[in-house]
Each structure stands twice: as structure tokens, then as C-alpha cells.
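K.L.:
no sequence on this one, just coordinates:
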Ligand code: DGJ
């Protein structure tokens, strides 16, 4: 039986026994945003990803959970690896998974599991030894610099399993299905596990494509009709780069890979994207047939460098259409966002059919700022700096670990966001929230809310410029009546101008700092005089994170 047919049979078999779809974690369009619903309510993940090996030991993890909870996290991203789940073929061991669930629940935390199986960071370190050792059943990819031979053990053995091995996708799918079946049994009611990442940062490293005999045959063959039909059917919405490439080569619906896409390494990347996507869509479908919570794939970002410098075939935005053409089991694709261009990459990945989730992003002080932009401007489902457990297991401090450096700032940001989660979630849905990052090279931004232009700037009345600023602003109340905004952030000044030139001017009626306790606003100081630049600005100083509410008046 083909793998696809096997998956279809499994789907049919398990469909009848699934928990009701709306009660398990799922994505749902809510107004203008797509949100994660947990126990039928929208949920934002204030998250962090553990170092790769931390959760392989429950003892090691003991001090970590309370530390992360105190930091303000509500969700932890952590690996569950094929090698530990199926150490012997066909024999599954979920002791570690169950232990992690118990530890998370004790701290009222949620988990997003990362299924580290055939590939992680472009390589194949995580399959069980019975997979790694069997080169006949589970052939390796071959790089062009080491041409394929008929030898079972090639002279230059890569640490990279080939996507084109039917035995591998079957074995990986079977194990993932077993894991999801187990999660459904032990967590189908509690919903500690919110989503699954399938594999990690896939793609061929060191070459633009696999040059094994298997791969060469597939590359010389016709592009599968499913793919060319998808391109034709989605012609107007394809990513600009893919559309341009396809059109330049005659918008063919038949032909070999080089005939359809041209004879460049971009074609190799598309070929690999198709093969990784087809593989991973099948693994995800097998898992979903047991327990269909949201599933996604993360991307090691690359840009103008040749594919192979970064993992070739991973879900970069220019090949997302290829990934979608290969199946529909994956719900979205996420950028592993370590670039300084946080806004640019977040914007590229936040698409109408791709909600933004930051599964992996830089820790350190930048995270404390970026989280406001992600939730406020890009309606992110969650935000997760990498290596979040640094320093939580009593290990000697590693001062270079970025997660250690920004710990207090991130905690402050997470706690501030935590306290206004209901307002933020509602504003994501209504579209009444904006987020921003300001720096010396980008010192101001104009935002539109409540029919007003909000000029948000690092500069005060006298032209003094803060080093940097960040925050988010939520429009409160209905569109009619005096405008009122809730702001949280640091280091910026806001002035207000009606967009309608004939509308009466507005001014600041009051600014109150405060915080939410269990959803109730607890007011603090009324900010006036020096604290609002004599009535000129809604001001957030650069020394601490503040939550403030401003109410405006309209002059008449
Ligand atoms: C990206 C990977 O996805 C992570 O698992 C980890 O290896 C980090 N890189 C290390 O920076």
C-alpha cells in the first residue's frame, strides 16, 4: 500500500473516535485575526523554547518549570525526539512525554512539542540508531561534490537522510502517528499540548539539492501534475518570486524541473521544497489522523545567498506555495527569526493564510521589545525566544547566553502583556491594536486608530531623542465618543491629530498609569505637568515599562 493510501486509511479509521474538533486546540478566524483557541477561548502564547537537550531528563527539568512560570511564560516549546520515543523499531516509550506533561500541568503551563525526527537544522541527528544504521532502507542524501555510486556505503556519507526514501516517510509517519495517538489519549481532555512543530529547520545544507541516484531520477522526471496544476490554479496569488520564475520559463504545466523553472539553483531549491514538503505533509497528516491539533514547520531563513548556504528547500516565503501545493496538513510556517530585521521578516510571514508564530527568535533584551511588535502589529499567535531555560538548572552561568542577559526585561514585558491579555486578544480580533519598534534609524511612526493619526516618536517637545522605544497601543471603546487608548511600553511620545482636516482638534483630557489585576484596572498616578510634557504628549519614559490609559477631548 502506498504511504498516501496508508495515511488515508488511518484517517478514516481514527476519524470516528476523535474528540470534538472545537474542543481541542485549533486555529480559528476571529474578526481580523486568526487565533489559537484553547478550551474554546482565544489564547496567546507567551512562550520560550528550551535548549535542545534540556527536556530529555525530567530531573534536569524540575527547577526549570517554576523558573519559567515566574518569568511570566504560559507556554514552553520543547523537543520530543524520535530516538527517545521509538528506541527500538515498533516499541514506543512515552515515559518522558508523560513526565513533561505532569511537570507542565503542575505549573499551569502549556507545551508546544517539536517533533525532532528525520531532520533538525538540515541534518539527521535525531532518528533512532536503527534508522541511522540501515543505509539500504534509509538512504542518505548525496552532495554534488561526492557523486553517488552503487556502493551501499558511499565514500562520503552525509549526515542527511534523503527525502526520497519511501521507507523513511513511512517509519517517521508511523512514529508520529503513535505519538499523536498517545497525546490524544493522555491529553485529549486537558489540552496541555497546544500545537506540534513537525521536524526542525529542514533543507539540504552544503548543496542546493540532493544528488543521490533516487533524487537525480526524480529531478530528471516530469514535475508532478499536482504541483503544476496548483501553480496554474493559484497563478494570481503565488509569491512574486515564484510567479516571476514560472512565467519567465513559459508558465508551463508540463515538463521537467529545469523546463518548468529554468536551469538554476533556484530550481534545485524548488525541487527540494517539493520533496521536503511532500514528506512532511504526509507525516503531519498521519499525526492529525490521530489527533488534529495545529501543526507547523519552522524555517532557517536565507535570503540572497545560494540555496545550500542555508537549508535548501525549507519553507522560505518564496517557496511557501510549493509547500502548500504538496498538502494541507500543515497549518502554517514560521520564521526562525534571529535577524535584526525583525519587522521585515515578521511582515513577510504574516500572510492572510499564514498567521504569525515566532517559534524561535532571539532572546536577550531585543526580545523584550520585539514581543510588543509581534502581538500588537502582526497579531502573532505566540512569541518564543530560544534558549529560555538558560540558568534555570543551577548550571554555572554562561554570561554569553543571550537568554540570561535579557531575562529581567523579558519578564517585565511578559508580565505587562499577561495583565492585559483579554484586551489584547479582543483588539487583535477587532484590528484595534498597533505595535511598534523605534530606533535611531527609525525614530518615529504614524499609526491610525479611532480616526486619528497617532504620531509615535522617540523625540520629546525639545527634540531630545531616546535611544530606543517600543510598545503597543490599544484603542478602547467604540469608534464614537471621546477616544481612549491603553498603551504599554517604554521610551516614546505620542501626539494625536484627527485624520479628517475638518474635524475638531483633540487634546489630552487625562493620563492615568496603572495595571490590571484579574481584569480590573487599578489606577495609579494621574500623569500631568512634567510627566506629559505640560499636556503636549502621551509620554512613556525610557527608564521603565509603563502601562497607561489616555483619554482625549475634542475641542468644540
Ligand atoms: C536553530 C535551531 O532550530 C535550534 O534547535 C537551535 O539549534 C538553535 N538554532 C541554536 O541557536
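P.N.:
In hand now; what should we look at? As the structure is a prediction and not an experimental result, all values here were calculated from the model.

K.L.:
Going by C-alpha atoms from here, please, whenever you check contacts or count neighbours.
P.N.:
OK.

K.L.:
Strands of the stretch 151-300 of the chain, residue ranges please.
P.N.:
Along the stretch 151-300 of the chain, the stretches classed as strands by DSSP state E, counting those that start in this stretch are 193-200, 295-300.

K.L.:
does the last one come close to the ligand?
P.N.:
No - applying CA under 6 Å from any ligand atom, one finds strand 295-300 separated from the ligand by no less than 7.1 Å.

K.L.:
Pull the residues that contact the helix or strand that that strand is followed by.
P.N.:
Downstream of strand 295-300, the first helix or strand assigned by DSSP states H and E is helix 320-325. For helix 320-325, the external contacting residues (CA atoms under 8 Å, 6 or more residues apart in numbering) are 226-227, 230, 238-239, 270, 273-274, 277-278, 315.

K.L.:
Mind checking which of those are buried?
P.N.:
Neighbour-count burial (16 or more other CA atoms under 10 Å) applied to the contacts of helix 320-325 gives 227, 230, 238-239, 270, 273-274, 277-278, 315.

K.L.:
Please narrow these to those residing in helices.
P.N.:
227, 230, 270, 273-274, 277-278 (DSSP state H).

K.L.:
Turn the residues you listed into CSV, columns for distance to the ligand and pLDDT.
P.N.:
CSV is the format used below for these (distance: CA to the nearest ligand atom, whole Å; pLDDT from 0 to 100):
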residue, distance to the ligand, pLDDT
227, 28, 98
230, 30, 98
270, 21, 98
273, 18, 98
274, 21, 98
277, 17, 98
278, 21, 98
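
K.L.:
Looking at the strands of the stretch 151-300 of the chain, which is nearest to residue 24?
P.N.:
strand 193-200 (8.4 Å; CA to CA).

K.L.:
The closest one packs against which elements?
P.N.:
Judged by 3 or more CA pairs under 8 Å, 6 or more residues apart in numbering; DSSP states H and E, strand 193-200 is in contact with strand 110-120, helix 265-288, strand 295-300.

K.L.:
Who are the packing partners of the last one?
P.N.:
Applying 3+ CA pairs under 8 Å, 6+ apart, we find strand 295-300 packed against strand 193-200, strand 332-337.

K.L.:
can you rerun that using 10 Å?
P.N.:
strand 110-120, strand 193-200, helix 265-288, strand 332-337, strand 357-361 (3 or more CA pairs under 10 Å, 6 or more residues apart in numbering; DSSP states H and E).

K.L.:
ok, and does the first one reach over to the ligand?
P.N.:
Going back to what we said before, that points to strand 110-120. No - judged by CA under 6 Å from any ligand atom, strand 110-120 and the ligand are separated, with a smallest distance of 6.9 Å.

K.L.:
what does the stretch 51-200 of the chain put close to the ligand?
P.N.:
52, 121, 200.

K.L.:
top of those by neighbour count?
P.N.:
residue 200 (24 neighbours; other CA atoms under 10 Å).

K.L.:
one step back: could you dump the ones in helices among the buried ones among the contacts of helix 320-325 into a markdown table with distance to residue 335 added?
P.N.:
Converted to a markdown table, those look like this (distance: CA to CA, whole Å):
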| residue | distance to residue 335 |
| --- | --- |
| 227 | 23 |
| 230 | 24 |
| 270 | 18 |
| 273 | 15 |
| 274 | 18 |
| 277 | 16 |
| 278 | 19 |
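
K.L.:
Looking at those residues, which is nearest residue 554?
P.N.:
Nearest to residue 554 among those: residue 230, at 53.2 Å, using CA to CA.

K.L.:
which residues sit in contact with the closest one?
P.N.:
Going by CA atoms under 10 Å, 6 or more residues apart in numbering, residue 230 touches 238, 253, 321-322, 324-326.

K.L.:
coming back round to it: wait, which of the helices and strands packed on strand 295-300 is closest to residue 307?
P.N.:
helix 265-288 (6.3 Å).

K.L.:
what angle separates that closest one from strand 110-120?
P.N.:
Taking axes from the mean of the first three to the mean of the last three CA atoms, to 10 degrees, one finds helix 265-288 and strand 110-120 inclined to each other by 130 degrees.

K.L.:
And helix 265-288, what's buried?
P.N.:
Buried-residue list, helix 265-288, by 16+ other CA under 10 Å: 265-288.

K.L.:
ditto for stretch 454-462
P.N.:
So stretch 454-462, judged by 16+ other CA under 10 Å, has buried residues 454-460.

K.L.:
got it, and stretch 37-44?
P.N.:
Buried, per 16+ other CA under 10 Å, within stretch 37-44: 37-38, 42-44.

K.L.:
and which of those is nearest the ligand?
P.N.:
Closest approach to the ligand among the buried residues of stretch 37-44 (CA to the nearest ligand atom): residue 44, at 21.7 Å.

K.L.:
okay, that closest one: pLDDT?
P.N.:
Residue 44 is assigned 98 on the pLDDT scale.

K.L.:
wait, what's in contact with it?
P.N.:
35-38, 74-75, 375, 379-383, 417-418, 421-422, 424-425.

K.L.:
Can you name the residues bridging to residue 30?
P.N.:
Applying DSSP bridges to residue 30 yields these beta-bridge partners: residue 33.

K.L.:
next one: residue 45
P.N.:
Applying DSSP bridges, one finds that residue 45 bridges with residue 382.

K.L.:
is it true that it touches residue 194?
P.N.:
Yes - counting by CA atoms under 10 Å, residue 45 does reach residue 194; the two are 9.4 Å apart.

K.L.:
Common neighbours of the two, please.
P.N.:
36, 75, 110-112.

K.L.:
Adding neighbour count, pLDDT and distance to residue 468, write those residues out as CSV.
P.N.:
Shown next, in CSV, are those (neighbours: other CA atoms under 10 Å; pLDDT from 0 to 100; distance: CA to CA, whole Å):
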residue, neighbour count, pLDDT, distance to residue 468
36, 25, 98, 31
75, 26, 98, 28
110, 23, 98, 33
111, 25, 99, 33
112, 24, 99, 32
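
K.L.:
and the strand or helix carrying residue 497, what does it pack onto?
P.N.:
Using DSSP H and E, residue 497 sits within strand 492-498. In terms of contact count using 3+ CA pairs under 10 Å, 6+ apart, strand 492-498 is assigned the packing partners strand 444-449, strand 452-457, strand 469-476, strand 506-517, strand 538-540.

K.L.:
Including distance to residue 62, could those go into CSV?
P.N.:
Below are the helices and strands packed on strand 492-498 laid out as CSV (distance: least, CA to CA, whole Å):
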stretch, distance to residue 62
strand 444-449, 44
strand 452-457, 43
strand 469-476, 34
strand 506-517, 29
strand 538-540, 38
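
K.L.:
Out of those, which is closest to residue 362?
P.N.:
Using CA to CA, the helices and strands packed on strand 492-498 put strand 469-476 closest to residue 362, at 16.2 Å.

K.L.:
following that closest one, which helix or strand shows up next?
P.N.:
strand 484-490.

K.L.:
picking up where we left off before, any chance of CSV for the buried residues of stretch 454-462, columns distance to residue 361 and pLDDT?
P.N.:
Output for the buried residues of stretch 454-462, formatted as CSV (distance: CA to CA, whole Å; pLDDT from 0 to 100):
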residue, distance to residue 361, pLDDT
454, 29, 98
455, 28, 97
456, 25, 98
457, 26, 97
458, 25, 96
459, 29, 92
460, 31, 86
